[in-house]
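*Asks:* sequence below, structure please.
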Amino acid sequence: MNKRLLKALKLSTVNCQLSTILTALLLSIAACSSDSDSPAPDPVIPAQRTIIAIFDGNNNLSSNLNGDISEIEAGTKEVSAATNVIVFANILGQKAYIAEMVNGKRTKVREWSNAVVTTDPDTLLSVMQWIIAKYPANEYALVFGGHGTGSLLKGVNDTIPTTMRPAYAYGWDTSNKVPSGRVWMNTSTLAAVISHLPRPKYIFFDCCLMQDYDVACQFKKYTDYIIAPVSETPADGAPYRKITPLLTIDDTEKMCDTILTTYYDYYTPHLCISAIRTRDVDDLQVKTNAALQEIKQNTALPYDYTKVIYYFVEANKTLQYDLKSFFYEQNQQGNLSDDKYNAFVTALEKCVFTTRKTKPWKTAAQIDFSDFDVEDYNYGGLSITTETIEK
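*Replies:* Okay, the predicted model is just below:
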């Protein structure tokens with residue numbers, strides 16, 4: 001081949017390759033330029049607060065909790081867009097569902113076709129984790145509606161296998177998983193479930209008898225505040241049309257006090273209800289244990305519970321007393337020194353920072369209100385079980 005022609009062909013090939021590379025480079029630059037001009041996706045902006053309300057009405061409270069959920073729905077008309085109000089409802093005879101409540105409107109975002117047991121810890125944890133993932137927020141709060149009991153006689157009601165101690169329970173779910181047909185979740189198990197979540201600012205237990213010393217000890221690591229009745233509550237529970245907007249108040253201690261006033265004033269007869277700071281539970285435990293130890297040294301079982309405020313009786317056995325009332329009577333009997341009693345009272349009043357009291361309250365238990373006074377000198381806004389006192 002002619003050397004001049006061969007050289008021309010080589011130059012042509014090189015030019016073609018350079019042209020191809022240049023074209024590809026220009027296309028790449030154009031594509032990058034196009035991408036940079038496209039609007040970026042909107043960032044996910046978390047809400048200020050997500051309130052997760054768990055309503056276990058898979059029992060004889062079904063109609064009452066249906067009413068509570070409707071009240072929450074109406075109450076969100078006064079809740080700003082900065083707060084998510086999300087309800088998980090498991091109501092007897094209905095499919096369990098999750099709904100978001102926005103400006104007085106309920107929208108179901110998830111529904112179960114199969115039967116759900118709220119008091120199964122794996123189920124409850126997955127429900128709350130699903131809500132947190134879908135409704136991220138700077139902080140969270142929890143509300144529990146359903147049955148609550150500071151004490152249950154062992155063996156009277158069944159619990160699911162994962163629960164360790166049937167003395168403190170939340171629920172119950174109607175289920176054929178246990179012989180009694182009632183599945184409870186012990187509060188120690190519930191505390192373990194909540195330990196896997198972002199720490200909620202507060203927990204509002206709208207359940208009977210949940211402001212209990214042992215419950216406070218179980219939950220102290222997992223929330224900042226606990227709002228709960230000390231006594232039994234009316235079956236209709238909190239007046240949520242009024243209380244739902246209050247759950248969004250930024251000043252948590254003001255919120256607690258306002259909720260107590262609103263709940264207390266709504267019913268006649270009233271109820272005993274309080275709010276505690278969990279950061280002060282440790283000191284209360286120290287002072288309570290010291291007092292119990294001194295009583296044990298100075299008197300023998302059975303203790304004299306005459307005049308002590310009590311909250312729950314089952315099968316003719318008193319299971320739950322007012323903590324301050326018990327120590328007051330022991331002090332009057334000479335079994336608890338003034339120093340130990342006063343140190344306890346100081347710690348109690350720091351921990352239970354707001355409370356309301358009444359006599360009588362609405363009860364289904366065997367309570368004779370002539371047995372005791374309910375006054376500032378002997379009412380503390382926190383119960384304790386006979387089991388814990390006498391162990």
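*Asks:* so where is the stretch 201-350 of the chain shaky, pLDDT-wise?
*Replies:* Low-confidence segments of the stretch 201-350 of the chain (pLDDT under 70): none present.
*Asks:* just the strands from it, written as ranges.
*Replies:* Under the criterion DSSP state E, counting those that start in this stretch, the stretch 201-350 of the chain contains strands at 202-206, 225-229, 273-277, 310-314, 317-322.
*Asks:* got the angle between the last one and strand 310-314?
*Replies:* By that I understand strand 317-322. Angle, strand 317-322 to strand 310-314, by axes from the mean of the first three to the mean of the last three Cα atoms, to 10 degrees: 160 degrees.
*Asks:* how about strand 317-322: buried residues?
*Replies:* If you call a residue buried by 16 or more other Cβ atoms under 10 Å, then strand 317-322 has these buried ones: 318, 319, 320, 321, 322. (Glycine included, C-beta is placed from N, CA and C.)
*Asks:* ok, stretch 325-334 next?
*Replies:* By neighbour count on 16+ other Cβ under 10 Å, the buried set for stretch 325-334 is 325, 326, 327, 328, 329, 330, 331.
*Asks:* skipping its backbone neighbours, what lies nearest residue 215 in space?
*Replies:* Spatial nearest neighbour of residue 215, excluding adjacent residues (Cβ to Cβ, 6 or more residues apart in numbering): residue 187 at 5.1 Å.
*Asks:* give the burial count for that neighbour, as a bare number.
*Replies:* By other Cβ atoms under 10 Å, the residues close to residue 187 number 25.
*Asks:* on that earlier part again, could you dump the strands of the stretch 201-350 of the chain to JSON lines with distance to residue 377?
*Replies:* Formatted as JSON lines, the strands of the stretch 201-350 of the chain follow (distance: least, Cβ to Cβ, whole Å):
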{"stretch": "strand 202-206", "distance to residue 377": "27"}
{"stretch": "strand 225-229", "distance to residue 377": "21"}
{"stretch": "strand 273-277", "distance to residue 377": "17"}
{"stretch": "strand 310-314", "distance to residue 377": "17"}
{"stretch": "strand 317-322", "distance to residue 377": "12"}
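*Asks:* of all those, which one is nearest residue 371?
*Replies:* Residue 371 lies closest to strand 310-314 among the strands of the stretch 201-350 of the chain, at 7.4 Å (Cβ to Cβ).
*Asks:* okay, the angle between that closest one and strand 225-229?
*Replies:* On the basis of the same axes, to 10 degrees, strand 310-314 is oriented at 60 degrees to strand 225-229.
*Asks:* what packs against strand 310-314?
*Replies:* strand 317-322 (3 or more Cβ pairs under 8 Å, 6 or more residues apart in numbering; DSSP states H and E).
*Asks:* contacts for the strand it packs on?
*Replies:* The list of residues contacting strand 317-322 from outside it, by Cβ atoms under 8 Å, 6 or more residues apart in numbering, reads 150-151, 153, 209, 212, 230, 305, 308-313, 378-380, 382-387, 389.
*Asks:* just the buried residues from those, in PyMOL please.
*Replies:* Burial among the contacts of strand 317-322 is assessed by 16+ other Cβ under 10 Å; the matching PyMOL selection reads:
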select buried, resi 150+151+209+212+230+305+308+309+310+311+312+313+378+379+380+382+383+384+385+386+389
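*Asks:* out of the contacts of strand 317-322, which are inside helices?
*Replies:* 386, 387, 389 (DSSP state H).
*Asks:* on that earlier part again, between the buried residues of strand 317-322, which is closest to residue 69?
*Replies:* Ranked by distance to residue 69 (Cβ to Cβ), these are led by residue 320 at 28.9 Å.
*Asks:* rewinding a little: residues touching the residue nearest to residue 215, list them.
*Replies:* Residue 187 touches 168, 169, 170, 210, 214, 215, 218, 219, counting by Cβ under 8 Å, 6+ apart.
*Asks:* what do you get for residue 57?
*Replies:* So residue 57 contacts 64, 65, 66, 89, 90, 91, 92, 145, 146 (Cβ under 8 Å, 6+ apart).
*Asks:* that one pairs with what?
*Replies:* Legend: beta-bridge partners of residue 57 under DSSP bridges are residue 91.
*Asks:* against residue 242, how distant is it?
*Replies:* To residue 242, residue 57 is 20 Å away according to Cβ to Cβ, to the nearest Å.
*Asks:* now residue 52: how far from residue 190?
*Replies:* 13 Å.
*Asks:* give me the more crowded residue out of the two.
*Replies:* Between residue 52 and residue 190, counted using other Cβ under 10 Å, the more crowded position is residue 190 (27 against 23).
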